[in-house]
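> need a structure here:
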Amino acid sequence: MAVLSREAAALKCFLCGSVCGHVIDRVVRLAPGVRPAETLSRVRCPRCGGSVYVDHEIDRSFLQN
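Residues are numbered from 1 along each chain as shown. Model prediction:
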């Protein structure tokens with residue numbers, strides 16, 4: 001069983017469930033085709049246009065920057 005030493009989470013679409021990127025060690029990495037936005041709340045799924053959410057509980061204080 002592998003143990004992750006880094007904090008990680010996926011960015012998923014609310015509507016279709018597509019993975020739109022990842023947050024690894026507080027760095028957001030968007031999937032190919034996902035347009036960057038000023039904040040995560042404005043990122044949209046390229047597949048259906050839905051908004052994205054973070055699928056793993058993390059410290060969200062850094063997301064407000």
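
> per-residue confidence at the residue lying closest to A9 once chain neighbours are set aside?
Nearest residue to A9 in three dimensions, chain neighbours excluded: H56, at 3.6 Å (C-beta to C-beta, 6 or more residues apart in numbering). (Glycine included, C-beta is placed from N, CA and C.) With respect to pLDDT, H56 scores 76.

> H56 contacts A8, correct?
Yes. With contact defined as C-beta atoms under 8 Å, H56 and A8 form a contacting pair (7.1 Å).

> ok so, going back, look up how far F14 lies from the residue nearest to A9.
To F14, H56 is 15 Å away according to C-beta to C-beta, to the nearest Å.

> repeat for C45
8 Å.

> so what sits against both of the two?
Contact with both C45 and F14 is made by residues S51, V52, according to C-beta atoms under 8 Å, 6 or more residues apart in numbering.

> Looking at those two, which one has more neighbours?
More neighbours surround C45 than the other of C45 and F14, with 22 against 11 (other C-beta atoms under 10 Å).
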